[in-house]
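[1] Build me a model from this:
(one chain, ligands or ions: 1)
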Amino acid sequence: MYVDIGNALDAEPRLTRATLERLDERVADAHDRIERGRADAAHGYAALNLPDTADPDAVRAAVDRFDDPAAVLTVGIGGSALGAATLAEALGGDGLDHYVLDNVDPAHVDALLDSLPLGDTVVHVVSRSGTTAETLANFLIVREAMDRAGVDWTRRTLVTTGADGNLRELAARHDLPALDVPAGVPGRFSALSTVALPVAALAGHDVDALLDGARAEADRLAGSLFDSPAYAYGAVCYALERRGAAINAMVPYAESLEYFAEWFAQLWAESLGKDAVGQTPARALGATDQHSQLQLYRAGPRDKLVTLVRPRERPRIPIPETDLDGLAYLGGGSLGDLLDAEFRATEASLAAANCPNVRIELDRIDERGVGELLYGMEAACVLYGELAGVETFTQPAVEWGKRAARGLLGGGDFEEADAVGEKRRLVVD
Ligand SMILES: O=P(O)(O)OC[C@H]1O[C@](O)(CO)[C@@H](O)[C@@H]1O
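    The predicted structure follows:
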């Protein structure tokens with residue numbers, strides 16, 4: 001992973017090289033704390049050990065029982081779905097279609113189950129807590145649909161979950177193959193583990209290369225942001241947020257990284273949104289959103305950092321020659337040339353408008369590159385959390401809504417459910 005922070009300096013909000021050099025002293029201390037946390041396999045920090053603690057053989061053994069499926073359905077939500085979706089989209093299916101069931105919209109669930117070849121689908125149900133309502137409800141519906149289709153769901157299901165909880169109980173009751181979530185690794189930091197690697201292994205991807213890429217990024221964590229791409233990114237994001245860049249627009253210039261932007265959004269929001277600080281992740285896609293968001297990034301409020309991500313190598317699709325006036329300049333070139341010209345032009349246009357931006361590049365979007373990117377973003381997030389002094393690895397604010405919903409559905413007596421009824425109303429219809 002290559003990180004170029006040049007365009008993040010001397011823009012608006014203003015961040016200078018001198019400021020970064022001063023901040024680097026705190027990066028050194030933060031790195032020491034992170035390394036101590038890793039050495040102790042402390043909660044959260046343990047995620048940064050996954051390149052060495054993940055067990056690719058166990059993952060392969062778990063999926064080998066499924067004989068060449070046509071489709072894999074990940075049933076999970078948040079960190080229990082976004083990692084798998086990111087790996088499947090970035091690396092491709094190789095003939096294996098990947099579907100994600102990470103919401104409880106009846107119309108969508110119905111249509112998805114209708115479209116799936118249930119008899120030839122592997123269901124990977126994932127929940128760290130083993131109690132998440134959306135995941136468990138969806139799984140009960142999926143298995144019933146398989147029952148109705150005469151498919152033995154116990155032979156088509158793989159579970160990844162914690163030591164206890166409803167899902168562990170279901171797995172034990174039906175003797176389902178079950179992988180353990182890694183200890184001390186919050187969901188949003190678990191893509192490089194039993195939570196998402198099974199999907200990559202099922203599609204025949206090189207899980208070791210994914211972990212090698214992550215390990216290469218881990219080996220570059222150092223006591224200075226000027227020696228570590230991941231820390232350079234985390235430190236710049238933090239320093240710009242401190243100066244007013246409350247929004248981080250993540251803009252991959254590759255369709256296959258669109259889910260990566262979703263994954264990044266959970267990582268950034270759920271890890272850093274605490275104590276009235278945090279940088280709001282916005283998702284966009286290059287070049288598409290040049291035609292929808294760029295106007296705002298260039299001419300709107302000075303409250304953004306834009307992160308542009310691209311692979312250095314792309315497949316080649318030549319653009320046919322044409323004698324149409326005004327188009328001849330495209331002919332003979334390639335679609336990748338056009339996309340890369342758009343990338344560099346957008347980057348320069350942001351700089352010209354004094355909008356801070358960072359360039360993140362991979363050699364190519366393959367197992368190693370994706371491993372570098374995911375690990376790099378996780379380490380950047382951990383460093384940002386250290387500098388901001390927030391609890392990076394918890395997400396207490398999400399529990400209020402869960403209790404309220406559970407109470408509304410008769411799942412217990414929760415004061416939050418009462419508060420739902422006290423909504424202020426001013427209906428205009
Ligand atoms: O893996 P679980 O326990 O089902 O949780 C799913 C997601 O829900 C959250 O707990 C937020 O509600 C996320 O942190 C997590 O990734």
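[2] quick one: which helix or strand includes the residue most central in space within the chain?
    The centre of the chain sits closest to residue 263, judged by C-alpha atoms, centre = their mean, with a distance of 1.8 Å. According to DSSP states H and E, residue 263 maps onto helix 258-272.
[3] And residue 359, by the same measure?
    Here residue 359, judged by DSSP H and E, is contained in strand 357-362.
[4] Against which helices or strands is that strand packed?
    strand 2-4, helix 229-242, strand 304-311, helix 335-352, helix 367-388 (3 or more C-beta pairs under 8 Å, 6 or more residues apart in numbering; DSSP states H and E). C-beta: built from backbone N, CA, C; applies to glycine.
[5] Now for the residue in the chain sticking out farthest from the centre: which residues touch it?
    No residue in the chain has its C-alpha farther from the mean C-alpha position than residue 323, which lies at 43.5 Å (C-alpha atoms, centre = their mean). Residues near residue 323 by C-beta atoms under 8 Å, 6 or more residues apart in numbering: none.
[6] now the residue of the stretch 251-400 of the chain found nearest the ligand: how far from residue 255?
    Here the residue of the stretch 251-400 of the chain nearest the ligand is residue 398; by C-beta to the nearest ligand atom that distance is 4.0 Å. Residue 398 is 30 Å from residue 255, where distance means C-beta to C-beta, to the nearest Å.
[7] Helix, strand, or coil at residue 282?
    Here residue 282 is strand, with the state taken from DSSP: H, G, I helix; E, B strand; the rest coil.
[8] To which secondary structure element is the nearest residue to it once chain neighbours are set aside assigned?
    Leaving aside its sequence neighbours, residue 282 sits nearest to residue 249 (C-beta to C-beta, 6 or more residues apart in numbering; 4.3 Å). Per DSSP H and E: residue 249 is located in strand 247-252.
[9] tally of neighbours for the residue nearest to residue 239 when sequence neighbours are not counted?
    Leaving out its chain neighbours, the residue that sits closest to residue 239 by C-beta to C-beta, 6+ apart is residue 15, at 5.3 Å. As a burial measure, residue 15 scores 23 neighbours (other C-beta atoms under 10 Å).
[10] If you tally nearby residues, what's the number for residue 56?
    Residue 56 has 17 nearby residues by other C-beta under 10 Å.
[11] residues touching the residue lying closest to it once chain neighbours are set aside, list them.
    Nearest non-adjacent residue to residue 56, counting by C-beta to C-beta, 6+ apart: residue 207, 4.3 Å away. Contact analysis of residue 207 by C-beta under 8 Å, 6+ apart lists 56, 59-60, 197, 200-201, 367.
[12] Closest one to the ligand out of the residues you listed, please.
    Nearest to the ligand out of the contacts of residue 207 is residue 197 (C-beta to the nearest ligand atom; 15.3 Å).
[13] Tell me who's in contact with the residue nearest to the residue of the stretch 251-400 of the chain closest to the ligand when sequence neighbours are not counted.
    In space, and not counting its chain neighbours, residue 398 is closest to residue 270: 7.5 Å by C-beta to C-beta, 6+ apart. By C-beta under 8 Å, 6+ apart, the contact set of residue 270 is 78, 188, 395, 398.
[14] confidence score at the closest residue to the third one other than its chain neighbours?
    By that I understand residue 395. Of all residues not flanking residue 395 in the chain, residue 270 sits nearest, at 4.8 Å (C-beta to C-beta, 6+ apart). At residue 270, the model reports a pLDDT of 98.
[15] how far away is residue 270 from residue 390?
    Distance from residue 270 to residue 390, counting by C-beta to C-beta: 11 Å.
[16] near the ligand, which residues of the stretch 101-250 of the chain?
    Near the ligand, the residues belonging to the stretch 101-250 of the chain are 127-129, 132, 135, 187-188 when assessed by C-beta under 6 Å from any ligand atom.
[17] mind running it again at 5 Å?
    127-129, 132, 187 (C-beta under 5 Å from any ligand atom).
[18] of all those residues, which two lie farthest apart?
    Longest distance between any two of these is 9.6 Å, between 132 and 187; criterion C-beta to C-beta.
[19] what touches both of the two?
    Common neighbours of residue 132 and residue 187 (criterion: C-beta under 8 Å, 6+ apart): residue 80.
[20] who has more neighbours, the two?
    Between residue 132 and residue 187, counted using other C-beta under 10 Å, the more crowded position is residue 187 (27 against 21).
[21] Spit out the contact partners of the more buried one.
    Contacts for residue 187 (C-beta under 8 Å, 6+ apart) come out as 78-80, 128, 195.
[22] which of those tops the neighbour count?
    Most surrounded of these: other C-beta under 10 Å gives residue 195, at 31 neighbours.
[23] Does that residue touch residue 82 like I think?
    No - judged on C-beta atoms under 8 Å, residue 195 makes no contact with residue 82 at a distance of 9.8 Å.
[24] is the helix holding residue 263 up against the ligand anywhere?
    No - looking at helix 258-272 against the ligand by C-beta under 5 Å from any ligand atom, there are no contacts, and the closest approach is 5.6 Å.
[25] Name the residues of that helix that are buried.
    Using 16 or more other C-beta atoms under 10 Å as the test for burial, helix 258-272 gives 258-272.
[26] What number of residues are in the vicinity of residue 319?
    Neighbours of residue 319 using other C-beta under 10 Å come to 16.
[27] Kindly state the pLDDT recorded for it?
    95.
[28] who touches it in this structure?
    Counting by C-beta under 8 Å, 6+ apart, residue 319 makes contact with 330-335, 337-338.
[29] Save those residues as TSV, and put in neighbour count and distance to residue 426 too.
    Output for the contacts of residue 319, formatted as TSV (neighbours: other C-beta atoms under 10 Å; distance: C-beta to C-beta, whole Å):
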residue	neighbour count	distance to residue 426
330	16	53
331	13	58
332	12	60
333	13	56
334	15	55
335	14	50
337	16	54
338	14	49
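[30] wait, which of those is closest to residue 237?
    residue 338 (29.2 Å).
[31] who touches the closest one in this structure?
    Residues near residue 338 by C-beta under 8 Å, 6+ apart: 287, 319, 330.
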